[in-house]
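Engineer: Just need the structure, nothing else, for what follows:
(4 chains)
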4 protein chains.
Amino acid sequence: MSNSRLGVWLIGAKGGVATTMLTGLAALQQGKTPPVGLVTELEPFTALGLVPFADIVVGGHDIRPGALGEEANRMWRESRAITPDLLDAAAPLFAATEARLRPGTIVAAGEKIASFAAPETANIAESPRAAIARIRGDLEAFKQAEGLERVVVVNVASTEPPPATPVPETFAEIEPLLDDADRCPLPASSLYFLAAAQAGCHYVNFTPSTGSTPPAMQEVARKHGIAHAGCDGKTGETLLKSVLAPMFAARNLEVMSWVGHNIFGNMDGKVLDDPRNKAAKVKSKDHLLAAILGYPPQTHVSIEYIESLGDWKTAWDHIHFKGFLGTPMMMQFTWQGCDSILAAPLVLDLVRLVDRAAASGETGALTWLAPFFKSPLNVSEQAFQAQFTLLTDWATAHAG
Amino acid sequence: MSNSRLGVWLIGAKGGVATTMLTGLAALQQGKTPPVGLVTELEPFTALGLVPFADIVVGGHDIRPGALGEEANRMWRESRAITPDLLDAAAPLFAATEARLRPGTIVAAGEKIASFAAPETANIAESPRAAIARIRGDLEAFKQAEGLERVVVVNVASTEPPPATPVPETFAEIEPLLDDADRCPLPASSLYFLAAAQAGCHYVNFTPSTGSTPPAMQEVARKHGIAHAGCDGKTGETLLKSVLAPMFAARNLEVMSWVGHNIFGNMDGKVLDDPRNKAAKVKSKDHLLAAILGYPPQTHVSIEYIESLGDWKTAWDHIHFKGFLGTPMMMQFTWQGCDSILAAPLVLDLVRLVDRAAASGETGALTWLAPFFKSPLNVSEQAFQAQFTLLTDWATAHAG
Amino acid sequence: MSNSRLGVWLIGAKGGVATTMLTGLAALQQGKTPPVGLVTELEPFTALGLVPFADIVVGGHDIRPGALGEEANRMWRESRAITPDLLDAAAPLFAATEARLRPGTIVAAGEKIASFAAPETANIAESPRAAIARIRGDLEAFKQAEGLERVVVVNVASTEPPPATPVPETFAEIEPLLDDADRCPLPASSLYFLAAAQAGCHYVNFTPSTGSTPPAMQEVARKHGIAHAGCDGKTGETLLKSVLAPMFAARNLEVMSWVGHNIFGNMDGKVLDDPRNKAAKVKSKDHLLAAILGYPPQTHVSIEYIESLGDWKTAWDHIHFKGFLGTPMMMQFTWQGCDSILAAPLVLDLVRLVDRAAASGETGALTWLAPFFKSPLNVSEQAFQAQFTLLTDWATAHAG
Amino acid sequence: MSNSRLGVWLIGAKGGVATTMLTGLAALQQGKTPPVGLVTELEPFTALGLVPFADIVVGGHDIRPGALGEEANRMWRESRAITPDLLDAAAPLFAATEARLRPGTIVAAGEKIASFAAPETANIAESPRAAIARIRGDLEAFKQAEGLERVVVVNVASTEPPPATPVPETFAEIEPLLDDADRCPLPASSLYFLAAAQAGCHYVNFTPSTGSTPPAMQEVARKHGIAHAGCDGKTGETLLKSVLAPMFAARNLEVMSWVGHNIFGNMDGKVLDDPRNKAAKVKSKDHLLAAILGYPPQTHVSIEYIESLGDWKTAWDHIHFKGFLGTPMMMQFTWQGCDSILAAPLVLDLVRLVDRAAASGETGALTWLAPFFKSPLNVSEQAFQAQFTLLTDWATAHAG
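Structural biologist: Prediction:
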């Protein structure tokens, strides 16, 4: 391959996940951090010949004002989650990446997200079609400027509201609507996806936003021969649900109710404070229990923005279950995890694995990436270990 | 088969697990409880043609004074864990079972357990060899009186201390020592096991006591062609460890420390208040983490007798782990489980499965029963889902 | 005094708090339970010459269909919170009390509460003035039938929504509106209060409903010379807030956020599932923190109806605070309390203390009862120990 | 007063509490931190005319090798509890203080503590009498070098074991034994106290070590006219016990058991890993419950050294209590507090208050300082708010 470098294009490049990923990428490139938190640095993934961290080059879109490094600095100042020495070491990578940033689109991103847009972004008046073309142009310019043959686009932007009207089943039905923002049913995340597909870039949706999920979008992916994966990175409370619920099922313990209360204070939390944006997230965190247990327990998921917590996503789950002879029992857990710190290495894992799959000729939805996602595309299996077996089986089959 | 009934012989028949199992057996026989908590009532186990609950007949040994139903009544009075209606319904089964009880042995059971013995049991002066012969006689009498062809002996007695001296590798080395309690290295649980093997009964060790674990005992099992399984039912905190630790491993999150604090107030708790007895238990609860993670985190397990809790085994676990960029995070859980309620259905599962395996001609240690145990015999796999796959694979292969 | 008996009239007599109180009253009268949970059985209250339990006679209103004992039976069946022996012992008291029940009013009780009404209650079409007259008649008939000179009316009904329009400052402004349900600003709880005052009964508001709180109602209390107290019994999470917040204040630790998540499954929970009813409750649970701390931390209170929990009100609180040098720290607690079990003895305490105060000639709002309430009438002090000192000082001054 | 400066002499000057206090003192002197965590910066204490932070000069003893700032740096590196900017700002104060450090004594400090001693300290062979004389000399030299008239000595060293033999009731009985380390019953902390008293320095015992507690030591304090206070700073789990237990008492809820499990990883934790040292600590954390409740619930306190936690003292408490009608309920809390961060401002509070009391002519044990201590000297009141009222009453009486 003439150019061994992999381009990674981040939608939401100024956010907590993106900037933590960049800080970590710099630390990995410089050998300043062990690969803790990276699945791809475990056996058998290390035998897959994945792209080295040194060969990853990053650009991206964002709608926010402000410097790229701001959110990473808040990870230190407000959350004590990234130490100053690592931020210092990442400064050159931040500078180089910042030069590659382009303004995102607020077309169909929802009012809450639009309210955070920088004036120069907010002022771009464009149809969905024009937005796709502009984004595609940015991606092609990135490829050309960096001499890249492979690019993976990753959506790490804040959660948008679900589409107000159903997305038609075929792209042919959608295509004519792209000129009219009011009639076009696609949210921003799907516009980005279409641009990526047209530019021949692979695509990962790390959020619960619509992205490549609708059948019409998956049709486009197949047509352009790109690989894609999603949705919604599984990093904390939902990961635990997918780990614990199979145990209750395997022991024939009857889960009567499962309550999850999530509090956190980062930008994502601010966006989820809007009930429209929150609806998408709650659904993604909740649906798996009935799928794993085989019956629907009463569930409740709340997500609240608590500013003082910064990036510390704290969850309390209360599981009320019935055992032998009808005896009710309880399990409770609290998870005190740093949201971006948990998510960022998974983004690196995903771009490396998608890139590797594409090199093997895989296109369409990569279902074996299920363990990374709350709502894995085209996969009904929700139990974590069963999903993880899909992943390791794939890796073992492809390991050199 | 001329007699379709299965005999179940409980060592520690007056204990919480045994009497809860009996209450549940009565309720199941009378259709008074749904099969919640019973693994063998799930797919694919329901297709195995397991012994029906109506065909199970129970007897047992115990060293304690008092009526059989006392501990089950305490489950109601002190723990509100079994309701009075179920106790009333079980009264006939308790009466029938009580008539089949025989005094156990305190030979080599340890001082703590001996201190709870009824005078008539404490006064039996016997060598290990005589104890084996007496127990064997009880088992054979049970078979004859009930016309049973198949019996499974289950150790649900309190935890005994580990052997003071190592158990020799072969039975030939042990045999000559059986006449002298002071030189014989076998603890009481192994004497019961030897009696079971000699009487052609299969054997399940639901406790961390020695039982059939030593190579010399396994040799005896093979010689007598019996099936056996153990050790130490995995019902609560350790079950959770075996479910959660694989998640940390799969995500490459570094567990720095894992602290588990267990409190409960039943007879088991009283026995574990003796440090010698507790040592065996703590080891069984602790060793799996390093096996699953691949490295030894700092661990701490405490078990404390708190009388007011009765059968409610409450555990608090604190897991301190390191994520990407070295960020330390925490997971905590509390498990409020009723110990005997969790254990009792597993005892029923185990006798049904061991009986079924024996019917298929399996002898020796049944390794696919690993998910039921904290320290599965001859199995290094400690991750719960991987163990559960062993079990379901066996069941699928044998399902009619 | 010719008749030493005290009448207690319960509004919401079929609810969990009321029927638990009745079960407990029977048990206390029969010496079947120690006085755990009763403040008035502690020093110095035992020296006050309070009415003996044997001299309490109970009647009440309710809008629900069904037998009086139903909710108490659910306390056993669904929550294992009252044992069957105590229910059996209370049967005669339940029967006697049931004969004294009268249908309540749904005038201005809100849609949610009205939806639970028995047909015969739902069909009573009456103006606010007529409702007051009817209720007053019931109270006077109770007095006469039982030969009572002293009656305390206690509101233990479900929480109603706050008044849609502000309650005028004087009763003179309200009086003319009583004929028209659409224009009358008084909610049901205040109609009951007015009836009580007119009948010369003292009044306790154990709920966050409006009751005697508005200045115009307090004016009526003074005019009729009755004593009253409220609002909203402080039994669990809010009690803990009023105990813990003073510690953070006394140590100059800065509370940044205080999140409380409450789940429970009794009738109260069902009513609070309506956002209008919930609003009143959340306010009552939340306002005290700023009052105690002297500054407003970010707070969040959620209350969710989780059916499987029955009467077990489980709360998780997460307190994020800043210490010396700006270091953020956390306290979390879970409270697993049985709502009606915690509330019922306080109702007995309150009727005994109000009766005693009235005997000493006290009228109007009894501010020294502050420690019993989330929103104590006419009291700004919110710290529990300071409130408790008010109570014990009063008791010491009045103790024989 | 010719010299307005106050000398503070820290025993255990290189420890976490001492170095955090120094970092904070520097930050306060430079206006770099708000006075969060300092009781003396609240009303009414601000009106007492306490010594300003700028007028505090610090010296101390320690037995450890290594630089003064090492432990403060570990607070950053291992616990993320003090930020680097504050450590940088404190460097000059650390340098000035380090020049005033003198080697402590390991006479009667216990084996565990002696094992941490620097060679030059470990090699000082001295009788108790010689140790007292040497320490007194150090204190007098400090006074002279800095021109100080007032010095408060504070014991913030690690917990020593309780005395092996009872300390005689009078100093006359002890005096003749001071020449022989083997016969002298006084532990190291009391030798430091005697030196302080002889040098006319006031004394605060922030640890559970013996210090000035024995009647014979209190006699010495009175003879020398010095003020003293102790023992054992109340910063976390025990503080909560003293806040929560009064609530259970006030509500007549019967505490059946109270279990506290503490884990942490700083130097104190290492020292407490020795059962002899731990015994003193556990007693100090445990005794208050029976005193507050009026009856002894079953209690259990464990303290375990978990290295990864650094200075984060994490406690889980499980409180099992009985309410009305015998219903058992549970409260659990977790406290995630930074031990030294919680303790350090209290040390500053105590030296300021002791200095102020001495200026008013108070000598002997200052009982109104009770809310600062787990085992307040000569005070039986253990409820926090009652103790805090003692403190605020004193302050109000002395406020200008």
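Engineer: For residue A:310, which residues are in contact?
Structural biologist: Taking Cβ atoms under 8 Å, 6 or more residues apart in numbering or on different chains, we find residue A:310 in contact with A:74-75, A:78-79, A:81, A:264-266. Every C-beta, even on glycine, is put in place using the N, C-alpha and C of the backbone.
Engineer: Kindly recompute the last result at 10 Å.
Structural biologist: By Cβ atoms under 10 Å, 6 or more residues apart in numbering or on different chains, residue A:310 lies in contact with A:16, A:74-81, A:264-266, A:269, A:338-340, C:320, C:328.
Engineer: and the residues you listed, which of them are in helices?
Structural biologist: Using DSSP state H, A:16, A:74-77, A:269, A:339-340 are the members of the contacts of residue A:310 that sit in helices.
Engineer: mind putting those residues in a markdown table, neighbour count, distance to chain D and pLDDT included?
Structural biologist: Converted to a markdown table, the ones in helices among the contacts of residue A:310 look like this (neighbours: other Cβ atoms under 10 Å in any protein chain shown; distance: Cβ to the nearest Cβ, whole Å; pLDDT from 0 to 100):
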| residue | neighbour count | distance to chain D | pLDDT |
| --- | --- | --- | --- |
| A:16 | 27 | 18 | 94 |
| A:74 | 19 | 14 | 91 |
| A:75 | 29 | 12 | 92 |
| A:76 | 17 | 9 | 93 |
| A:77 | 13 | 9 | 91 |
| A:269 | 23 | 21 | 75 |
| A:339 | 28 | 17 | 93 |
| A:340 | 35 | 16 | 95 |
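Engineer: which pair in those residues spans the largest distance?
Structural biologist: Spatially, the most separated pair among the ones in helices among the contacts of residue A:310 is A:76 and A:269, at 18.0 Å (Cβ to Cβ).
Engineer: does any bit of the helix or strand residue A:348 falls within sit next to chain C?
Structural biologist: According to DSSP states H and E, residue A:348 maps onto helix A:339-359. No: for helix A:339-359, no contact with chain C is found by Cβ under 10 Å from any Cβ of the partner chain; the gap never falls below 15.6 Å.
Engineer: Tell me which other helices or strands whatever helix or strand comes next after that helix touches.
Structural biologist: Next helix or strand after helix A:339-359 toward the C-terminus (DSSP H and E): strand A:364-365. If contacts are counted by 3 or more Cβ pairs under 10 Å, 6 or more residues apart in numbering or on different chains; DSSP states H and E, strand A:364-365 sits against helix A:215-224, strand A:227-230.
Engineer: pLDDT weak spots in chain A?
Structural biologist: A:1-3, A:284 (pLDDT under 70).
Engineer: Chain neighbours aside, what residue packs nearest to the closest residue to chain C within the stretch 1-150 of chain A?
Structural biologist: With Cβ to the nearest Cβ, the shortest gap between the stretch 1-150 of chain A and chain C falls at residue A:80, namely 7.7 Å. Take residue A:80 and drop its neighbours on the chain: the residue closest to it by Cβ to Cβ, 6 or more residues apart in numbering or on different chains is residue D:80, 4.8 Å away.
Engineer: The one you found touches residue C:329, doesn't it?
Structural biologist: No: when contacts are counted by Cβ atoms under 10 Å, residue D:80 is not listed as touching residue C:329 (11.8 Å).
Engineer: what touches both of those two?
Structural biologist: In contact with both residue D:80 and residue C:329: D:312, D:338, using Cβ under 10 Å, 6+ apart.
Engineer: Nearest to residue D:70, out of the helices and strands packed on strand A:364-365?
Structural biologist: strand A:227-230 (48.0 Å).
Engineer: The closest one: partners in the sheet, and parallel or antiparallel?
Structural biologist: Partners of strand A:227-230 in the sheet, by DSSP bridges, are strand A:202-205 (parallel), strand A:364-365 (parallel).
Engineer: ranking those strands by burial, who's on top?
Structural biologist: strand A:202-205 (a mean of 30; mean count of other Cβ atoms under 10 Å in any protein chain shown).
Engineer: With only the CA atoms kept, save that strand in CSV.
Structural biologist: What follows is strand A:202-205, C-alpha atoms only, in CSV (Å, rounded to 0.1, in the frame of the first residue of the first chain):
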residue,chain,number,x,y,z
HIS,A,202,-16.2,3.9,6.2
TYR,A,203,-18.4,4.9,9.1
VAL,A,204,-18.9,4.3,12.8
ASN,A,205,-21.8,5.7,14.8
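Engineer: Which single residue in chain A comes nearest to chain D?
Structural biologist: Nearest residue of chain A to chain D: residue A:80, at 4.8 Å (Cβ to the nearest Cβ).
Engineer: Contact distance from chain C - what residues of the stretch 151-300 of chain A qualify?
Structural biologist: Proximity of the stretch 151-300 of chain A to chain C, by Cβ under 10 Å from any Cβ, involves residues A:254-261, A:263, A:265, A:297-300.
Engineer: ok, which pair from those is furthest apart?
Structural biologist: Pairwise distances across these (Cβ to Cβ) peak at 35.8 Å, for the pair A:254 and A:265.
Engineer: more neighbours, these two?
Structural biologist: Set side by side, residue A:254 and residue A:265 show more neighbours around residue A:265, with 25 against 20, by other Cβ atoms under 10 Å in any protein chain shown.
Engineer: any idea how far the more buried one lies from residue B:182?
Structural biologist: Applying Cβ to Cβ, to the nearest Å, the value for residue A:265 to residue B:182 is 67 Å.
Engineer: do residue A:48 as well
Structural biologist: As for residue A:48, its distance to residue B:182 is 61 Å (criterion: Cβ to Cβ).
Engineer: ok, now residue A:153?
Structural biologist: 76 Å.
Engineer: residues contacting the residue nearest to residue A:80?
Structural biologist: Neighbouring residues of residue D:80 by Cβ under 10 Å, 6+ apart: A:80-81, A:83, B:327-328, C:327-328, D:310-312, D:338.
Engineer: how about 8 Å then?
Structural biologist: Per Cβ under 8 Å, 6+ apart, neighbours of residue D:80: A:80, A:83, B:328.
Engineer: deepest of the helices and strands packed on strand A:364-365, which one?
Structural biologist: Highest mean neighbour count of the helices and strands packed on strand A:364-365: strand A:227-230, a mean of 29 (counted as mean count of other Cβ under 10 Å).
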